[in-house]
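In: Sequence below, structure please.
(one chain, ligands or ions: 1)
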Amino acid sequence: MPPEQARPLLELRRLELAHDGIPAVRGIDLEVRSGEIVCLIGANGAGKSTTLSAIAGLLPCVSGEIHYAGARIDTLPAHRRVAAGIALVPEGRGIFGRLTVEENLRLGAWTCSDKAALAKDLGRICCLLPQLAGRLGQLAGTLSGGEQQMLAVGRALLSRPRLLLLDEPSMGLAPRVVEDIFTLIGKIAREGVALLLVEQNARLALELADRGYVMESGRIVLEGAGGELLRDPRVRAAYLGERAEG
Ligand code: ATP
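Out: Next up, the predicted model:
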C-alpha cells in the first residue's frame, strides 16, 4: 500500500490552540481517514470550531502537529491548504447576500483556471443541489437558511476538496431542512470526500458518522464508532438529553 493510503488523510497530534494566549484546545489527537465521516461533538466552548479553524489554517497552532495527505501542514497558509484539498464551511456560512448564487459558487473555484472544468463542476454541484440549480441568478441573500447552508457547502465543493470541514451545518434550521442537509452530507461522503463534522445535534451526527470524538474543555474525552458513542451512557446523559443509568 502506498504510504499516503496507509496513513489517515488528516492527523492532529497533541494539538494545542489558543485565542489571545488563552488556551482553547489542550493537546488533542484526532484522525480522519479517506472517505470517512467523523464528527466532533461537545458543549458550547469546548473548542470544536477552534479546531476546525486551525486545520483550515485560520488560526496558528501553539504546539503539536497537523498532518494531511502524508505531509505536515501546520505552517502552510490557508490558501495553500485549500489548494491541497481542504475546504471549510464555517459556522454562519459566510454567504455574500448581495452576490448571486452562481457568483457565490464561483468564489469557491478560485483555484481553478480551466473554464471547461469549472462549467462541468458547476453542473455537478447543480445535480447534487437541485434546490439551487434553477436559481443561479438569484441574490443569495434572498435564499432561505437551509438553501444558504447548501450554497455554502456547494461553494466549498467547487474547490474540489478531499477533506470537507463542516461547522454546525444544522444551526438554526428547521428539522426537515436539517434532514436534507444530513442527506447531502451522506451523498458527499459517498463521492469519496472525507468529512469532519462539528455538530450540536449529537444524535444525528453520531447516526451518520463512521466515528466520533467528544470534546470537553479543550480535550478529547471519548472517541469511538458513531454507533458505539450513541450507546455510551455518558454521551446519552450529556448530549442526547437522557438520564444516566444506574
Ligand atoms: P461553540 O459551539 O459555542 O462554537 P466550540 O466547541 O466550537 O463551541 P470554540 O468556539 O472553539 O468552541 O471556543 C473554544 C474557546 O475559545 C471558548 O472558551 C471560546 O470562548 C474561545 N474563543 C473562541 N473563539 C474566540 C475568539 N475569536 N477570540 C477569543 N476567544 C475565543
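
In: ranges for the strands of the chain?
Out: Taking DSSP state E as the criterion, the chain contains strands spanning 10-19, 22-32, 37-42, 63-68, 71-72, 86-89, 163-167, 194-198, 211-216, 219-225.

In: Quickly check: the first one near the ligand or not.
Out: When you say that, I think you mean strand 10-19. Yes. Strand 10-19 comes into contact with the ligand (CB under 6 Å from any ligand atom), by way of residue 19. To be clear about C-beta, it is placed using only N, CA and C from the backbone, and glycine gets the same treatment.

In: what would the strands of the chain look like in CSV with mean neighbour count and mean pLDDT?
Out: Rendered in CSV, the data for the strands of the chain read as follows (neighbours: other CB atoms under 10 Å; pLDDT from 0 to 100):
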stretch, mean neighbour count, mean pLDDT
strand 10-19, 19, 98
strand 22-32, 18, 97
strand 37-42, 25, 96
strand 63-68, 18, 98
strand 71-72, 11, 96
strand 86-89, 25, 96
strand 163-167, 24, 97
strand 194-198, 25, 97
strand 211-216, 22, 96
strand 219-225, 16, 97
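
In: Next to the ligand, which bits of the protein? Give me the list.
Out: Neighbours of the ligand within the chain, by CB under 6 Å from any ligand atom: 19, 20, 24, 42, 44, 45, 46, 47, 48, 49, 50.

In: Buried ones from the residues you listed, can you make that a PyMOL selection?
Out: Here is the PyMOL command that selects only those of the residues of the chain next to the ligand that count as buried (16 or more other CB atoms under 10 Å):
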select buried, resi 24+42+46+47+48+49+50
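
In: Just flag the most distant two among the residues of the chain next to the ligand.
Out: The largest separation in these, counting by CB to CB, is between 20 and 42 at 21.3 Å.

In: how about low-confidence regions in this structure?
Out: 1-6, 112, 243-246 (pLDDT under 70).

In: I figured residue 33 was touching residue 69, is that so?
Out: No. Look at residue 33 against residue 69 with CB atoms under 8 Å: they stay out of range, at 11.5 Å.

In: Setting the sequence-adjacent residues aside, check what's closest to residue 221.
Out: residue 214 (5.4 Å; CB to CB, 6 or more residues apart in numbering).

In: Please verify my assumption that that neighbour contacts residue 41.
Out: Yes. Here residue 214 lies in contact with residue 41, judged by CB under 8 Å, at a distance of 5.6 Å.

In: between these two, what contacts are shared?
Out: Common neighbours of residue 214 and residue 41, using CB atoms under 8 Å, 6 or more residues apart in numbering, are 235, 239.

In: circling back to that earlier point, now tabulate the residues of the chain next to the ligand in JSON lines and tack on distance to residue 119.
Out: Shown next, in JSON lines, are those (distance: CB to CB, whole Å):
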{"residue": "19", "distance to residue 119": "41"}
{"residue": "20", "distance to residue 119": "44"}
{"residue": "24", "distance to residue 119": "41"}
{"residue": "42", "distance to residue 119": "41"}
{"residue": "44", "distance to residue 119": "42"}
{"residue": "45", "distance to residue 119": "43"}
{"residue": "46", "distance to residue 119": "42"}
{"residue": "47", "distance to residue 119": "40"}
{"residue": "48", "distance to residue 119": "36"}
{"residue": "49", "distance to residue 119": "34"}
{"residue": "50", "distance to residue 119": "37"}
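
In: That's all I had, so thanks and see you.
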